[in-house]
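Visitor: A predicted structure for the sequence below; I have some questions about it.
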Amino acid sequence: MEMIERNPVTGIYPASPDYIHALEVRHPARLLFVSGTMGIDAEGSAASDLDGQLALVWANLRTILASADMTVDNIVRLTSYLRDGAFVEANQNARVQALGGRAVPTTAIIVETLSCDWLVEIEIIAAG
């Protein structure tokens, strides 16, 4: 499988270090579509703060990916659902850290309809 960043430099706004316009995936053998994953522990309890929930979300995503013999390096698309716009920077920092600085196409959406205990939810697409 080959992953190629697609960042045109004319006729469009520039990409940033943690953002790319598109990622071309050539010859994937498998695709994994992961539902929105929450910052909830194995007992079903949400962490009490945003940092705790982000840590749990990424731990949960790693567990799901491992069940398919994949890692965060297989993520090719990510969508974050945030309860509050104030969470954008912390979510971005957690994503950059979790992906080791690798940029993938990403979108963040503010969703006020998430349960009060749920501050962030992340869904991904992975290819292998």
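Guide: Now that the structure is in, tell me what you want to look at.
Visitor: quick check: mean pLDDT of stretch 5-16?
Guide: Averaged over stretch 5-16, pLDDT sits at 95.
Visitor: centre of the chain to it, how far?
Guide: Centre-to-centre, stretch 5-16 and its host chain are 21 Å apart (CA atoms, centre = their mean, to the nearest Å).
Visitor: pull up the distance across that stretch, start to finish.
Guide: 12 Å (CA to CA, to the nearest Å).
Visitor: list the buried ones in it?
Guide: Across stretch 5-16, burial judged by 16 or more other CB atoms under 10 Å covers A15. Using the backbone N, CA and C atoms, a C-beta is placed for each residue, glycine as well.
Visitor: need the contact partners of the helix or strand hosting A66.
Guide: Under the criterion of DSSP states H and E, A66 resides in helix 50-67. With contacts defined as CB atoms under 8 Å, 6 or more residues apart in numbering, helix 50-67 is touched by 32, 34, 37-41, 46-47, 71-72, 74-75, 87, 90-91, 94, 98, 118-122, 124, 126.
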